[in-house]
Each structure stands twice: as structure tokens, then as C-alpha cells.
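Peer 1: below are the sequence and a predicted model for it; my questions follow.
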Amino acid sequence: MKKSLLLTSAIVCMASVNANAMDMMSMRPYIGAEYVYSYAKQGSYAQDAKDHYNSGKFDLGIEWMKNIDTEFSYQMSGELKSNDTLGNKIKSSFEAYALDLYGKYPIMCSPLSAVGTLGGAIYHTEYKGLPSKRSTRMGYRAGAGMQYDFNDHFAARVIGRYSYIGSNYLNNLMEVNAGLLYRF
């Protein structure tokens, strides 16, 4: 009696562990493309450079659990042209490699979710027409927004994000991202 009870409880425990493992194994990769508008607070070395950028962003992520994602992204801005106070031409651009953690909170029973994000990025800035042309710096990011799931595969999201870089060229960025995601 005790052996059969022990065997039954061991089978039940193994089944529950396997069921839990299946829940954890429901990772879903996704890709995305986004448009990003960035307002930059330039540092003291680049104060005459323009302060707004239009960027494209490519996302590659994994949905670990229903409401938690990890995402790698690459962002590249267009080149902006401006003049300093002496009339010299300045061309500026940046690119960022980021790793972010996303948390989603579903709103009632709708396909709409509130989204929060924390992460970091490596920012490469380039300023042509200034003494030192390039700067590479690690930045920290936080953001909030909304995501709408059309179905199991497609979603759209809008996120506002603040990034602190702290270099003498680029101090911080305030960004608005809008884009589409496809989950496999």
C-alpha cells in the first residue's frame, strides 16, 4: 500500500513538473520593425547640431512567458545637417544596439496591453565637422507604452522611451517608437 502510494505520488509529481516545464518552454521568438522619432539633448561639444532624428529600428525578441519579453534591437538614424555659430557645416547621426526587458500588463479582457521596458544600449554617435568625430557610450533606457495584439502572430505597439547617454556629444534622448511585431 505504501509503495503504491509512493509510486503514485511520484508519478503525479513528475507529471506536474513536466506540465510546468511545458509552460516554461512556451518561448516564442518574434521580429519587428519600428519607426523612431528621437529628440536629442546634445552635449556641450555638439550643442550646435540639430536635435531631432528620424530612425529605423529592427527588433529580434523572445517572449519568455505570457507577459515578459527580452528583446535585442538595432536602431540607425538618418544624417542631419546643420551649421554652427561660425557657419561651419555639421553632419550628425547615431546608431544603437540595445537589449531591453519588456513587461506587459493586459487591460481587462481586451487585446490591449500596457507595456513597460528597461534596458541598456551602446550608442555610436558621429559628428562630421566637429573636432572629435565619433563617440561610443553605454546608455540606460526606460519606457512605457501600449501594445495591441491583432491575433496570435501580429501586434502593433507605441512606446515612449527616455535614454540617458551622458557623453559630451549626446546627453540624452526622448523617443517615440511605433511599429509592428510578428511572433512565430
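Peer 2: In hand now; what should we look at?

Peer 1: low pLDDT regions in this protein?
Peer 2: Residue ranges of the chain with pLDDT under 70: 1-25, 132.

Peer 1: for the protein, just list every one of the helices.
Peer 2: 2-24 (DSSP state H).

Peer 1: for it, just list every one of the strands.
Peer 2: 28-42, 52-65, 68-77, 80-83, 89-106, 112-128, 134-149, 154-164, 170-183 (DSSP state E).

Peer 1: what's the burial count for residue 88?
Peer 2: Neighbourhood size, residue 88 [other Cβ atoms under 10 Å]: 11. C-beta here means a position set from N, CA and C on the backbone, and glycine is covered the same way.

Peer 1: okay if I get the strands of the chain as TSV plus mean neighbour count?
Peer 2: Below are those laid out as TSV (neighbours: other Cβ atoms under 10 Å):
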stretch	mean neighbour count
strand 28-42	17
strand 52-65	16
strand 68-77	18
strand 80-83	14
strand 89-106	17
strand 112-128	17
strand 134-149	16
strand 154-164	17
strand 170-183	19
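
Peer 1: for the nearest residue to residue 92 once chain neighbours are set aside, give me its contacts.
Peer 2: Using Cβ to Cβ, 6 or more residues apart in numbering and skipping residues adjacent in sequence, the residue nearest residue 92 is residue 49, 4.4 Å away. Residues near residue 49 by Cβ atoms under 8 Å, 6 or more residues apart in numbering: 42, 80, 82, 90, 92, 127, 130.

Peer 1: between those, which is nearest residue 144?
Peer 2: Nearest to residue 144 out of the contacts of residue 49 is residue 42 (Cβ to Cβ; 24.6 Å).

Peer 1: tell me the contacts of residue 28?
Peer 2: Contact analysis of residue 28 by Cβ under 8 Å, 6+ apart lists 62, 63, 183, 184.

Peer 1: circling back to that earlier point, so which of the contacts of residue 49 is the closest to residue 152?
Peer 2: Set against residue 152, the nearest of the contacts of residue 49 by Cβ to Cβ is residue 80 (39.6 Å).

Peer 1: quick one: the nearest residue to the closest one once chain neighbours are set aside from residue 39, how far?
Peer 2: Nearest residue to residue 80 in three dimensions, chain neighbours excluded: residue 50, at 4.2 Å (Cβ to Cβ, 6+ apart). As judged by Cβ to Cβ, to the nearest Å, residue 50 and residue 39 stand 10 Å apart.
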